[in-house]
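Novice: Need the 3D shape of this:
(one chain, ligands or ions: 1)
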Amino acid sequence: MIKLLGRFAFNTIKQPSVAVFNTKKYDIDYLTKVNTSLPEEKQVKLSFFAEQLNENSARLAHECDTVCCFVNDKVSAQVLRKLSSQGVNLVALRCAGFNNVDLKEADKLGINVVRVPAYSPEAVAEFSMALLLSLNRKIHKAYNRTRDHNFALDGLVGSNLHGKTIGLIGLGKIGICFTKICKGFGMNVVAYDPHRDPKLAETLGFTYVDESDIFYQSDYISLHCPLTPQTRHIINDHSITKMKENVMIINTGRGALIETKAVVNALKKKKIGGLAIDVYEQEEKLFFKDVSQEVLTDDVLARLLSFPNVIITGHQAFFTHEALMNISQTTLNNIYEFKVKGSCVNQVHPS
Ligand code: NAI
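Specialist: So this is what the prediction gives:
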């Protein structure tokens, strides 16, 4: 019966009951808005929880068959076992990355995992350029100065992007959008990706190079690959020694692509000329929260925040109206498709 498609099949199954973890006001607003705009047979029952999904909070999903999670929820083996014992059979990620899910354990338990593979690559690519421009032209410093009525220019000299080389690690959906933007600025784009598409390179006008050449050749480096065992700490002491003096690094990928202590040392030695990150290795305890009234106990982050040539944002590269609409629409559609068909085009399988 479940194999049948369409309205009839959905009517014969129970309305999905979804526990949404790690919710902020904007999650509630967008998911509710999209859910109520759907035809009745496609709507789900949403229960919102502010808590991060972890071993302690998993029990909150006790009346639900689906959990909906975000990047910093811990979908570990233990959490999955707990969810499974409560009757959960679907994890609907409202993000693209799935490095926080134990896919093998999910598979063993018969829990399916679906995600939103692309909610707005343009949003992330545009934000990457915003970070690059701010860092390169010291707009973050100028903003503070002029608010204090200081209109002096000393110390604000930047560089033209035009004619400079930018190295991209990861040339997928976001990397492609970012390449187009960089080409618009007259930059020379080199890219490293284990999966090469020569036709794409020719059309967009970039050059594939080896991983080491990204470090040797680039004036700016931007990270757009997923976090995997191969890419963890791809920016480390060793790769930094290969880089040009004063290189600037942008990371909107995942925090652990950078070995933060190595970058702090290189900033202190002035080998790295600037760093702009939207993601941070230890972001899970801090990001998406207001901890401004608390003492910052993360000494590495405190050191990073002390550099004049470091910009940190709290994982907001995706954060546009268009992306939030896409996330909500795709997440609810994934749940519907899975419940009707027993499978989903956006399903993630263990490799
Ligand atoms: P995608 O899957 O379209 O592209 C990823 C590319 O990385 C692929 O072409 C793949 O071949 C390549 N890749 C895989 N292993 C690699 C390696 N060892 N070295 C170099 N390249 C490698 O993914 P998309 O949509 O472009 O997203 C990229 C990443 O951006 C995501 O995995 C996610 O971590 C991050 N992201 C960050 C957001 C934010 O708000 N800061 C929002 C969305 C995604």
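Novice: which residue does the stretch 151-300 of the chain bring closest to the ligand?
Specialist: For the stretch 151-300 of the chain, the residue closest to the ligand is Gly172, as judged by CB to the nearest ligand atom, at 1.6 Å. Heads up, the C-betas are built off the backbone N, CA and C, glycines and all.
Novice: how about the closest residue to that residue other than its chain neighbours, what does it touch?
Specialist: Distances taken as CB to CB, 6 or more residues apart in numbering place His224 nearest to Gly172, at 6.6 Å, with adjacent residues excluded. Shown in contact with His224 (CB atoms under 8 Å, 6 or more residues apart in numbering): Val124, Ser128, Leu168, Ile169, Gly170, Leu171, Gly172, Ile174, Gly175, Phe178, Thr252, Gly253.
Novice: do Tyr26 as well
Specialist: Counting by CB under 8 Å, 6+ apart, Tyr26 makes contact with Leu324.
Novice: Check what pLDDT it gets.
Specialist: pLDDT recorded at Tyr26 is 96.
Novice: mind checking how far it is from the ligand?
Specialist: To the ligand, Tyr26 is 14 Å away according to CB to the nearest ligand atom, to the nearest Å.
Novice: Validate this expectation: that residue resides in a helix.
Specialist: Yes: judged by DSSP: H, G, I helix; E, B strand; the rest coil, Tyr26 forms part of a helix.
Novice: How many neighbouring residues does the residue of the stretch 1-150 of the chain found nearest the ligand have?
Specialist: Residue nearest to the ligand within the stretch 1-150 of the chain (CB to the nearest ligand atom): Gly97, separated by 4.0 Å. Residue neighbour count, defined by other CB atoms under 10 Å, stands at 15 for Gly97.
Novice: where do the strands sit along the stretch 151-300 of the chain?
Specialist: 165-169, 188-192, 207-208, 220-223, 247-251, 272-277 (DSSP state E, counting those that start in this stretch).
Novice: can I get the ones you listed in a markdown table with distance to the ligand and mean pLDDT?
Specialist: Below are those laid out as a markdown table (distance: least, CB to the nearest ligand atom, whole Å; pLDDT from 0 to 100):
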| stretch | distance to the ligand | mean pLDDT |
| --- | --- | --- |
| strand 165-169 | 5 | 98 |
| strand 188-192 | 5 | 98 |
| strand 207-208 | 11 | 98 |
| strand 220-223 | 8 | 99 |
| strand 247-251 | 9 | 98 |
| strand 272-277 | 9 | 98 |
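Novice: Pull the biggest helix by length in the chain out as PDB, backbone CA atoms only.
Specialist: Identified as the longest helix of the chain according to DSSP state H is helix 321-341. Output in PDB follows, covering the C-alpha atoms of helix 321-341 (Å, rounded to 0.1, in the frame of the first residue of the first chain):
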ATOM      1  CA  HIS A 321      14.800  34.500   2.900                       C
ATOM      2  CA  GLU A 322      15.100  32.300  -0.300                       C
ATOM      3  CA  ALA A 323      17.200  29.700   1.400                       C
ATOM      4  CA  LEU A 324      14.900  29.500   4.500                       C
ATOM      5  CA  MET A 325      11.900  29.000   2.100                       C
ATOM      6  CA  ASN A 326      13.800  26.300   0.200                       C
ATOM      7  CA  ILE A 327      14.900  24.500   3.300                       C
ATOM      8  CA  SER A 328      11.300  24.400   4.700                       C
ATOM      9  CA  GLN A 329       9.800  23.300   1.300                       C
ATOM     10  CA  THR A 330      12.400  20.600   0.600                       C
ATOM     11  CA  THR A 331      12.300  19.300   4.200                       C
ATOM     12  CA  LEU A 332       8.500  18.900   4.200                       C
ATOM     13  CA  ASN A 333       8.500  17.500   0.700                       C
ATOM     14  CA  ASN A 334      11.200  15.000   1.700                       C
ATOM     15  CA  ILE A 335       9.100  13.800   4.600                       C
ATOM     16  CA  TYR A 336       6.000  13.500   2.400                       C
ATOM     17  CA  GLU A 337       7.900  11.700  -0.300                       C
ATOM     18  CA  PHE A 338       9.400   9.300   2.100                       C
ATOM     19  CA  LYS A 339       6.200   8.500   3.900                       C
ATOM     20  CA  VAL A 340       4.400   7.900   0.500                       C
ATOM     21  CA  LYS A 341       7.100   6.000  -1.400                       C
END
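Novice: Start the count at 21 instead of 1 going forward.
Specialist: Let's use 21 as the start, then, which means that last one is helix 341-361.
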